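**Q** please find the sequence and the predicted model below.
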Amino acid sequence: MAHKFNVRNAGILDSPDRIRFLNPENNLDEIELSGEMVLADLGCGTGYFAIPASFRVKKVFALDIQQEMLEILRDKIKKDKISNIEPILSNESSIPLSDNSIDVLFMANVFHEIEDRDSILKEGKRILKSHGKLIIIDWKKAEMDFGPPVEERLNEREVILICKSNDFELYKQSYPGLYNYLLIFQKTVPGKEKKLAEKISSDKYFHEERKQHSDIDDLVKKTLEDRKKRRQQQLER
Ligand SMILES: C[S@@+](CC[C@H](N)C(=O)[O-])C[C@H]1O[C@@H](n2cnc3c(N)ncnc32)[C@H](O)[C@@H]1O
């Protein structure tokens, strides 16, 4: 059985230090989100991505198989008076959402934990609208002092192959975080020209030099200010 992130470590998911290497805003910037969209965050955990995403889209379904994670998220939603996130208890191999109801299916650091990826991708195809996008952010397959053990990780090529065999075509590949990759897929539309990946998978990106923010407090402050601005814009729309 695939190892699941333990809810007892939920604090790690919300650690301010996490913004330094996996900034949710930078990752969400990679996806073309708009105020009309419905996003499903599968394996949402405590809402590290679901909350900032809720400032950019119409509605977020936040799904997880661990009720305790959803309880933490519910407390945050209540405290911050967020009205467009709906937490839902999900199932290991199925997604309790209606057919053709979702614009974006988002999974961050979840894909490597899923037992039956083919079933989840089949479900993804069912719930996504025809233009829908599948976003997979996951750990690079490299030895690190943190994160899941290397043998449980999948590299970009493996994920692309699994998705391809389930009729998802790679649309974009990028590296907005130091230790993670971000892949965007679209449902394969038979007969239509397939879009090419923007970048070719390569381990060299792992060694790419990245501009690092040295002062984490400034970074956290800026991220929260940006988020506040987005919420304001959303309310004014
Ligand atoms: C490492 S946490 C990541 C949480 C969140 N996406 C984040 O980046 O902060 C992985 C989460 O995926 C959930 N999960 C694992 N397998 C799942 C599945 N088949 N369906 C839904 N959620 C799943 C786990 O319960 C856990 O909360």
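**A** Okay, I see it.
**Q** least trustworthy helix or strand in the chain by mean pLDDT?
**A** Least confident helix or strand, the chain: helix 204-207 with a mean of 35, by mean pLDDT, DSSP states H and E.
**Q** can you name the element that comes right after that one?
**A** helix 216-236 (DSSP states H and E).
**Q** who touches that following helix?
**A** 16-17, 19-20, 23-25, 35, 52, 55-56, 213 (C-beta atoms under 8 Å, 6 or more residues apart in numbering). All C-beta spots, glycine's among them, are computed from the backbone N, C-alpha and C.
**Q** tell me the buried residues in it?
**A** Within helix 216-236, the residues scored as buried using 16 or more other C-beta atoms under 10 Å are 219-220, 223, 227, 230-231.
**Q** mind saving the C-alpha coords of it as PDB?
**A** Output in PDB follows, covering the C-alpha atoms of helix 216-236 (Å, rounded to 0.1, in the frame of the first residue of the first chain):
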ATOM      1  CA  ILE A 216      11.600  34.300   4.600                       C
ATOM      2  CA  ASP A 217       9.600  36.800   6.700                       C
ATOM      3  CA  ASP A 218       9.500  39.200   3.700                       C
ATOM      4  CA  LEU A 219       8.500  36.400   1.400                       C
ATOM      5  CA  VAL A 220       5.600  35.200   3.700                       C
ATOM      6  CA  LYS A 221       4.500  38.900   4.100                       C
ATOM      7  CA  LYS A 222       4.500  39.500   0.400                       C
ATOM      8  CA  THR A 223       2.600  36.300  -0.300                       C
ATOM      9  CA  LEU A 224      -0.100  37.100   2.200                       C
ATOM     10  CA  GLU A 225      -0.400  40.700   0.900                       C
ATOM     11  CA  ASP A 226      -0.800  39.400  -2.700                       C
ATOM     12  CA  ARG A 227      -3.400  37.100  -1.500                       C
ATOM     13  CA  LYS A 228      -5.300  39.900   0.300                       C
ATOM     14  CA  LYS A 229      -5.200  41.900  -2.900                       C
ATOM     15  CA  ARG A 230      -6.600  39.000  -4.900                       C
ATOM     16  CA  ARG A 231      -9.500  38.500  -2.400                       C
ATOM     17  CA  GLN A 232     -10.300  42.200  -2.700                       C
ATOM     18  CA  GLN A 233     -10.300  42.000  -6.500                       C
ATOM     19  CA  GLN A 234     -12.500  38.900  -6.300                       C
ATOM     20  CA  LEU A 235     -15.000  40.800  -4.100                       C
ATOM     21  CA  GLU A 236     -15.000  43.700  -6.500                       C
END
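**Q** for the record, mean pLDDT for that helix?
**A** For helix 216-236, mean pLDDT rounds to 77.
**Q** please apply the same query to stretch 82-102.
**A** In the prediction, stretch 82-102 has an average pLDDT of 98.
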